[in-house]
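**Student:** what follows is a predicted structure for the sequence shown.
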Amino acid sequence: MSDTHEPAAGPATEGRLTLIATAPMGLEAVVARELRGLGYDQQTVENGRVRFRADERAICRANLWLRTADRVLVEMAVFPATTFEELFQGVRAIPWEEWIPADGHFIVNGRSHQSQLSSVPACQKVAEKALVERLRQRHPLQWFPKSGARYSVEVSLLKDVATITLDTTGPGLHKRGYRKLVTEAPIKETLAAAMVLLSRWHPDRPFLDPCCGSGTIPIEAALIGHNLAPGLHRSFDAEAWGCIPARLWEEAREEGFDLADYDRKLDICGSDIDGAALELAQQHLRAVGLSRSVRLEQRPLQEIEREAAYGYLITNPPYGERMGEREAVEDLYRDIGRLARRLQDWSVFVITAHKGFERFFGRRADRKRKLYNGRIECDLYQYQGPYHGRRAPGTGEDG
């Protein structure tokens, strides 16, 4: 996507904060690439997360711009904890008063894996007691009203090491705000965006989702095509925190609106045989202001014809996990294979949990990538067209 605008690089990478962008398994590298695009190069990629160094401004920009991450956390402390006393002292040593005011609505959640402190409720209770004791050093209160902004603290124990984090996001980043209603088997917005980014689709190329359902994949493609920050029209927990100046959020949103490219012409089509699902898709397009950017059609795969060359077919078809559905889904995969052969110069990307997909599609994938649609382990089957990732004739761009 060589000629799309990127948000400007953030402030100096030697920020005083360690932030964590959490990610679904298999998407860590995609999240890391997004963070580098935002200018945050000091990073460490781990299972399910990307740690990066930045300042308070990055909290705003990462929440607004990250398409494939789940949430953005502040890493408050990391320390060994094999006893409740070690956990208590470690949490109490954190300068919570710099983050949480006297009326802050703080919540302590917990996780424990392969650790001596295995009782999560006990760990939460100890951590909250330590947090309250620390706050009382600044605020001489007998009890805290918790009537103000929300501060979600997590105590995560892994192999006797405690990681204490503060969630800046609130509801997960997949909640863009446009999808109020969903079909029976929706795909998360973050995974849909990841499929588009992994495909290396360029906004100048045609785009088709022939099993679009309520429209999530085409909508995420349109957001990418117009360079729209996915978090522009929602709020985040940290927006209400007094420790992060409101002007930083204002500047980050101004950057997002300034970099939006509404004038770019997009050839994005979503089709499905389910009229009710397409009605939802149309509502979602109106909600996000992209009705003119995505064309919706009600038609079976056998009737789909596209004249445009060198496009991208990206879809999340049914998986056939219920009794009686498997045969119909396998016929659908055959139809996707026939459609791909009609679109012989297109690149094709299909995600499914069905292990026999390639047999019914009619061809082995050029590449497969393991991803998770919620808790369902899937494969992203990748079929690369003749100009995938290279300059397509007559387009004047690199794919």
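**Tutor:** The structure has been received and is ready for your questions.
**Student:** how about low-confidence regions in the stretch 51-200 of the chain?
**Tutor:** 181-185 (pLDDT under 70).
**Student:** one more pass at 80, please.
**Tutor:** Applying pLDDT under 80 to the stretch 51-200 of the chain flags residues 180-186.
**Student:** which residue ranges form the strands in it?
**Tutor:** Secondary structure of the stretch 51-200 of the chain (DSSP state E, counting those that start in this stretch): strands located at 71-80, 105-113, 150-158, 161-167.
**Student:** need the contact partners of the first one.
**Tutor:** Contacts with strand 71-80, where a contact means CB atoms under 8 Å, 6 or more residues apart in numbering, come from 17-22, 51, 59, 62-63, 66, 86, 90-91, 93-94, 99, 153-154, 160-169, 172-173. C-beta: built from backbone N, CA, C; applies to glycine.
**Student:** and it, which strands flank it?
**Tutor:** Paired strands of strand 71-80, with direction, are strand 17-22 (antiparallel), strand 161-167 (antiparallel) (DSSP bridges).
**Student:** kindly calculate the angle that the last one makes with strand 105-113.
**Tutor:** Just to be clear, that refers to strand 161-167. Angle of strand 161-167 versus strand 105-113, following axes from the mean of the first three to the mean of the last three CA atoms, to 10 degrees, is 150 degrees.
**Student:** buried residues in strand 161-167?
**Tutor:** Residues of strand 161-167 classed as buried: 162-167 (neighbour count, 16 or more other CB atoms under 10 Å).
**Student:** check contacts around the closest residue to H113 other than its chain neighbours.
**Tutor:** Leaving out its chain neighbours, the residue that sits closest to H113 by CB to CB, 6 or more residues apart in numbering is L158, at 5.3 Å. Counting by CB under 8 Å, 6+ apart, L158 makes contact with 112-115.
**Student:** hmm, try it at 10 Å
**Tutor:** 111-115 (CB atoms under 10 Å, 6 or more residues apart in numbering).
**Student:** of those residues, closest to C212?
**Tutor:** R111 (35.8 Å; CB to CB).
**Student:** tell me what the closest residue to that closest one other than its chain neighbours is bridged to.
**Tutor:** Using CB to CB, 6+ apart and skipping residues adjacent in sequence, the residue nearest R111 is S156, 4.7 Å away. Per DSSP bridges, the residues bridged to S156 are R111, T163.
**Student:** can you turn the buried part of the contacts of strand 71-80 into a PyMOL selection?
**Tutor:** Typed into PyMOL, the next command selects the buried ones out of the contacts of strand 71-80 (criterion: 16+ other CB under 10 Å):
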select buried, resi 18+19+20+21+22+51+59+62+63+66+86+90+91+94+99+153+154+162+163+164+165+166+167+168+169+173
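**Student:** about what we covered before: wait, the residue nearest to R111 touches Q124, no?
**Tutor:** No: using CB atoms under 10 Å, S156 makes no contact with Q124, being 11.2 Å away.
**Student:** can you list residues touching both of the two?
**Tutor:** Shared contacts of S156 and Q124, counting by CB under 10 Å, 6+ apart, come down to 109-111.
**Student:** re earlier: just send the buried residues of strand 161-167 back as JSON lines, with distance to Q302 too.
**Tutor:** Formatted as JSON lines, these follow (distance: CB to CB, whole Å):
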{"residue": "A162", "distance to Q302": "57"}
{"residue": "T163", "distance to Q302": "52"}
{"residue": "I164", "distance to Q302": "56"}
{"residue": "T165", "distance to Q302": "50"}
{"residue": "L166", "distance to Q302": "52"}
{"residue": "D167", "distance to Q302": "47"}
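**Student:** ok, so of those residues, who is nearest V294?
**Tutor:** Closest approach between the buried residues of strand 161-167 and V294, by CB to CB: D167, at 32.1 Å.
**Student:** between the shared contacts of S156 and Q124, identify the one with the most neighbours.
**Tutor:** Top of the shared contacts of S156 and Q124 by neighbour number is G110, holding 21 neighbours under the definition other CB atoms under 10 Å.
**Student:** how much space between it and F79?
**Tutor:** G110 sits 15 Å away from F79, taking CB to CB, to the nearest Å as the criterion.
**Student:** can you check V155 too?
**Tutor:** In terms of CB to CB, V155 sits 11 Å off from F79.
**Student:** any common contacting residues for those two?
**Tutor:** Joint contacts of V155 and F79 (CB under 10 Å, 6+ apart) are 87, 90-91, 162-164.
**Student:** which one of these is nearest D335?
**Tutor:** Using CB to CB, the shared contacts of V155 and F79 come closest to D335 at T163, 47.4 Å.
**Student:** that closest one and V153 touch, don't they?
**Tutor:** No: T163 is not in contact with V153 according to CB under 10 Å; the separation is 11.3 Å.
**Student:** mind giving me the domain split of this protein?
**Tutor:** Here the domain assignment for the chain is 17-167, 189-232+241-383, based on automatic domain parsing.
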